[in-house]
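J.: Using only what follows, build the 3D model:
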Amino acid sequence: MAELTRKAFYDLAVQCRDLAQELARHDQDQVDVALCRRFNEWLPQILAYDPLRAALPNLTPARPLTRWMLFSAITLASLVLALIFREFLGRLFLFAMVSAVTLTAITLFLLPVRFYGTTVALIEGKVLRVVNVMEAMLLEEKMGFTEAAFFVVKDNLSAARAELRQQIHLAQRW
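T.: Sure, this is the predicted structure:
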């Protein structure tokens, strides 16, 4: 894996701050496919460095599944099954299938989104874990920053942590 240099650490701190500010602009309780994909593209950059990979072994990619995607897949699958089996099983089977799809759709709308997709609030929690690990590494002075660079990185990480904690707190209150 790659060695975590001062330049890479500085760039990751800036990316954390930018991602935290981007996440704050979105609805916390919904799955945003673009943000999930952005996080999933950013995650290998984080895990490419040995110290971060060792400190974040359970950090998983985001699941960009939205309610309409699941509903569309269920509807499409039921239509295909209905077309395939309509002559073999008759009207009773079609009625049972329509009933099952309707009940599944109702259940899908009653389930919280976080059961099948990664909400913006969950992505914020994952980014907050990265920020906390990076801040701990910075305070242990493993990176050997100059005083000015140390405070710039610390400000970036502190801004990201404050933004993420505020958004997570607001998401939990409502």
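J.: Quick one: list the elements packing against the lowest-mean-pLDDT helix or strand in the chain.
T.: One helix or strand of the chain scores below all others by mean pLDDT, DSSP states H and E: helix 67-110, with a mean of 80. Contact partners of helix 67-110 among helices and strands, from 3 or more CB pairs under 8 Å, 6 or more residues apart in numbering; DSSP states H and E: none. For glycine as for every other residue, the C-beta is placed from the backbone atoms N, C-alpha and C.
J.: Sort out which residues of whichever helix or strand comes after that helix are buried, please.
T.: Using DSSP states H and E, the helix or strand that follows helix 67-110 towards the C-terminus is helix 120-139. Under the neighbour-count criterion of 16 or more other CB atoms under 10 Å, helix 120-139 has 120-124, 126-128, 130-135, 137-138 buried.
J.: CA atoms of helix 120-139 as CSV?
T.: Extracted in CSV, the C-alpha atoms of helix 120-139 (Å, rounded to 0.1, in the frame of the first residue of the first chain):
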residue,chain,number,x,y,z
VAL,A,120,-26.6,11.1,4.0
ALA,A,121,-26.5,10.9,7.9
LEU,A,122,-24.8,7.5,7.7
ILE,A,123,-22.2,8.8,5.2
GLU,A,124,-21.6,11.7,7.6
GLY,A,125,-20.9,9.2,10.4
LYS,A,126,-18.4,7.4,8.2
VAL,A,127,-16.6,10.6,7.2
LEU,A,128,-16.6,11.6,10.9
ARG,A,129,-14.8,8.4,11.8
VAL,A,130,-12.1,9.2,9.1
VAL,A,131,-11.8,12.8,10.5
ASN,A,132,-11.4,11.5,14.1
VAL,A,133,-8.7,9.1,13.1
MET,A,134,-6.8,11.7,11.1
GLU,A,135,-7.1,14.2,13.9
ALA,A,136,-5.7,11.6,16.4
MET,A,137,-2.8,11.0,14.0
LEU,A,138,-2.2,14.7,13.7
LEU,A,139,-2.2,15.3,17.4
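J.: Backbone dihedrals for Tyr49, please?
T.: When read as degrees, to the nearest 10, the backbone of Tyr49 gives phi -100, psi 130.
J.: low-scoring pLDDT stretches of this protein, where are they?
T.: For the chain, the stretches with pLDDT under 70 are 1, 173-174.
J.: can you rerun that using 80?
T.: The model of the chain has pLDDT under 80 over residues 1, 78-79, 81-98, 142, 170-174.
J.: Can you pull the domain assignment for it?
T.: When the chain is parsed with automatic domain parsing, its domains come out as 6-60+123-173, 67-116.
J.: of all those domains, which gets the most neighbours per residue?
T.: Of all the domains of the chain, domain 6-60+123-173 has the most neighbours on average by mean count of other CB atoms under 10 Å, namely a mean of 16.
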